[in-house]
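[1] Take a look and give me a structure for this.
(2 chains)
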Amino acid sequence: MRKILLFLPLVMFLALGGVFYSQLGKDVNYMPSALVGKSVPDFTLVSLFDDELVTNADLPSTPYLINFWGTWCPACHIEHPFLNRLAQSGITIIGIDHKDQQALALQWLEEKGNPYQQVLMDEIGHFGLDMGITGAPETFVVDSNGVVAYRHQGEINEQNWPTMKEYLQ
Amino acid sequence: MFPEVGQFSLILSLFFALLLSILPLLGYWKGNRLLLSMAQPLTLIMSLLVLVSFVALSSAFLTDDFSVLYVAQNSNSQLPIWYKFSALWGSHEGSLLLWVLILCGWCTAVALKIRTLPLEIGPVVLAVLGTVCVGFLSFLLFTSSPFVRILPDVPADGGDLNPLLQDFGLIVHPPLLYMGYVGFAVAFAFAVTALITGNLNAAWARWARPWTAASWAFLTLGITLGSWWAYYELGWGGWWFWDPVENASFMPWLAGTALLHSLAVTEKRGVFKSWTVLLAIFTFSLSLLGAFLVRSGVLTSVHSFAADPTRGVFILGLLIVLVGGSLLLYAIRAAQVRSTVSLGLTGREAWLLMNNILLTVLTLTVLLGTLYPLLFDTLGLGKISVGAPYFNSVFTPIALLLIVLMAVGPLSKWHQTPTRLLLKPCGLAAMFSFGLSAVVVYCYEFGGLAFISLAVVFWVVVLSFSDWFSKVSAGTKGIIPRARQLPRNYYGMLLAHLGIAATLVGIVLVSVNSEESMLRLSPGDTAHIAGYEFQFDQMTRVTGPNYVSSKGQFTAYQNGRVVATLFPEKRFFTTRQQVMTEAALDAGLTRDLYVSLGEQIDESAWGVRIYVKSFVRWIWLGGLLMMAGGLLAALDKRYRKRAGA
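    All right, here's what the predicted structure looks like:
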């Protein structure tokens, strides 16, 4: 019995080694969203340009992106030109101006161009909470049924766009 | 030219490490004295070659040789000279070279002290260390050589050192931490030697003790510095985050603490033998696990180096060979090193057994919390993360219990302790410490766990001093001569235990008595926090060697008197396009004033974090006491006797 017990540390260690092996090479930063497979949460937000109320019913019926941004967010500066290019190639992007001021946001879009089909103000950040974002920029791929297909944290760029594009069917 | 010399001498050192790992063992089995005697010179040559290689890489850094890829990635001609040197261990390859250099340093120390060991033991210890060296040298050479050149297109300048690492704390933190991690390789080598030779007696434990105490002291200092660095550099005033890599350094510390104590039992009473051996293996394995977690990219952490799966596979292989090999050896041989002496249930052995059980439970608690996300994901249950609440709620009660027992243990006697010897001092100490703690908590209106924790602190202090006093007051010689006769080992223990108490004071008070506020301030504004008045005087722009900075000036007043002027900064590092927060501190024994700049809100207003942290220094002061205790214990005269003397 004692003989077998002495092998216990070795066996436990080898099991742990197996766990480590299975984890090697995985992308540790990949964090799936709890929203994937669910509909976009209900919301009522104010449009940035005309102060009109906007709800889920006003969202596009074709696949589109929801992009959280803010003028306070340095990574959004870097992301913006790429969003402009996506918009030019015909991708529909809904912008959520997260925890920001209307005047600053309008000025930003004037200076850098507007890649968004609609921009909604999420001044207090409630919609961001509902979507479970951890920061900006953050982007969700929504399919034609209004169901979230994919979530991406951080800026979109040449490298990660192909992955996102696959979800945008 | 120099980088090639460095690479070549690394290859040579691997060759010598291979010889070192084979020849003395052959000598042991064949009973060949010549082969055994080669262990010492082989160790010295191997270490010298690694030193040459280290010097070669340092000179590449100091002379801005950007033809070396690693230098180009981690240094810059504008970098101040001391950061150019410390940039050597700013990333994976160089830090691994530092690791190997320190490993060789420990090997050299053992080799130079080899005469204190019996003739056939020392060379086997060195051979085991040689095997560890073979593992790390081949890891360095085959997957992560720091000497790779980028020729012929040499970049004009380097990519700069990560600004987070451009700091004094980071110059000294990794080397000290590695001193500790790698130092446990010596205890490991002793343990494996015991298994190979089947020779595990009191003398064995006596040899292993000073090495273990010294590595433990370095690891303690390394962790303390890391915590201090995180506090002032990360800009949010926390001192411990239960980050996977912090845990990776904490686990060998916990296991090493258990090892220190169980070695004492093995030396004095000849019990716990196979357990002590297992613990020595366990401690070093946890050091290796730390290296694996940082360098393989399986967990996210602020400390991680760039992930590379081939490196992960290699170091996992290394882990399997070293740890798996030694555990296999343990499984086969441990039955032969069983203890023969019976265990006294009321003796000091029993107290130290409790110590070992609790420390092992704590280690496993941290291990489980750290690896749980990995296990969870492997079983296909999804992604989770384990945060501070788990660690705080599971770790704290066990740690407090451990500290309570820690104060009683030294009062006990080996084998059997008369109950009255413990009952009276403990009873008095309990009344005193609960009473005093109640008064303090009532007067200052502390909440939470403060009452219990402070009582534990007083308990430790009172019992430590009463133990010391009972030792020096017995007999006729007078207090001072007797105090000087007590062994360093004893004072080491006393210091380390008081260090724990000091750290606990810091932890408790910083959590119950600190004020933190996040404010929007413009120059000219004032804020009142915890009895201090902070005035935001002005903002200036400053240009540093490789950054530009927005520098704030704050004056702190107490009762109308100026107590401190603070200069928090927001630095923009031009090469890496990275912004760094430099918090400003006014340190004090009873409180720290901490001002850190957040985002600029509009043209004049800034988000400012102002903390008044109570007794936070004591956390690290305790760490320093523990380190001093460890070193004192390592330098005890008893350990310096020669073999057979």
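
[2] And the longest helix anywhere in chain A, what's buried?
    Using DSSP state H to define each element, chain A has its longest helix at helix A:2-23. For helix A:2-23, burial by neighbour count (16 or more other CB atoms under 10 Å in any protein chain shown) applies to A:6, A:9, A:10, A:13, A:16, A:17, A:20, A:21, A:23. For the C-beta atoms, the positions are set from N, CA and C on the backbone; glycine is no exception.

[3] How far off centre is it?
    For helix A:2-23, the gap between its own C-alpha mean and the chain's C-alpha mean amounts to 40 Å (CA atoms, centre = their mean, to the nearest Å).

[4] Setting the sequence-adjacent residues aside, check what's closest to residue B:346.
    Spatial nearest neighbour of residue B:346, excluding adjacent residues (CB to CB, 6 or more residues apart in numbering or on different chains): residue B:417 at 4.9 Å.

[5] let me fix that: residue B:255
    residue B:283 (4.2 Å).

[6] Tell me how far the one you found lies from chain A.
    Distance, residue B:283 to chain A, by CB to the nearest CB, to the nearest Å: 13 Å.

[7] Give me the neighbour count for residue B:228.
    Counted with other CB atoms under 10 Å in any protein chain shown, the neighbours of residue B:228 add up to 18.

[8] quick revisit: how about the longest helix of chain A and chain B, touching?
    Yes. Contact of helix A:2-23 with chain B (CB under 8 Å from any CB of the partner chain) involves A:2-3, A:6-7, A:9-10, A:13-14, A:16-17, A:19-23.

[9] Start and end of stretch B:512-525, how far apart?
    Across stretch B:512-525, the terminal residues are separated by 28 Å (CA to CA, to the nearest Å).

[10] So which residues make contact with the host helix or strand of residue B:480?
    Residue B:480 belongs to helix B:479-485 when elements are defined using DSSP states H and E. Residues lying outside helix B:479-485 but in contact with it, judged by CB atoms under 8 Å, 6 or more residues apart in numbering or on different chains, are B:468, B:471, B:472, B:473, B:474, B:475.

[11] what about the strands in the chain?
    All of this is about chain A. A:44-47, A:53-55, A:64-69, A:93-98, A:118-122, A:138-142, A:148-153 (DSSP state E).

[12] ah, no, chain B please
    With strands called from DSSP E, chain B shows them at B:515-521, B:526-529, B:532-543, B:547-558, B:561-566, B:569-573, B:578-582, B:584-586, B:591-600, B:606-614.

[13] Now tell me which of those the model trusts least on average.
    Here these differ in mean pLDDT, and the lowest is strand B:578-582 at a mean of 83.

[14] Show me the contact partners of that one.
    By CB under 8 Å, 6+ apart, the list of residues contacting strand B:578-582 from outside reads A:74, B:162-164, B:233-235, B:547, B:549, B:568-573, B:596-598.

[15] Now do the contacts for residue B:287.
    With contacts defined as CB under 8 Å, 6+ apart, residue B:287 is in contact with B:180, B:181, B:182, B:184, B:185, B:252.

[16] surely the fourth one meets residue B:285?
    No. Under the criterion of CB atoms under 8 Å, residue B:184 lies out of contact with residue B:285, with a separation of 9.2 Å.

[17] So between these two, which is more surrounded?
    Remark: of residue B:184 and residue B:285, residue B:184 carries more neighbours, 30 against 25, as counted by other CB under 10 Å.

[18] number of nearby residues for the closest residue to the more buried one other than its chain neighbours?
    Nearest residue to residue B:184, sequence neighbours excluded (CB to CB, 6+ apart): residue B:284, at 4.5 Å. As a burial measure, residue B:284 scores 30 neighbours (other CB under 10 Å).

[19] on that earlier part again, overlap between the contacts of helix B:479-485 and the residues near chain A?
    With CB under 8 Å from any CB as the criterion, the subset of the contacts of helix B:479-485 in contact with chain A is empty.

[20] Can you tell me which of those residues are classed as buried?
    Among these, those classed as buried by 16+ other CB under 10 Å are B:468, B:471, B:472.

[21] Nearest residue to the middle of the chain?
    I'll assume chain A. Central residue of chain A (CA atoms, centre = their mean): residue A:139, 2.5 Å from the mean position.

[22] my bad, chain B
    residue B:219 (2.9 Å).

[23] mind listing what it touches?
    So residue B:219 contacts B:176, B:177, B:179, B:180, B:181, B:183, B:184, B:249, B:252, B:253, B:256 (CB under 8 Å, 6+ apart).

[24] again, 6 Å this time
    Residue B:219 makes contact with B:180, B:253, according to CB atoms under 6 Å, 6 or more residues apart in numbering or on different chains.
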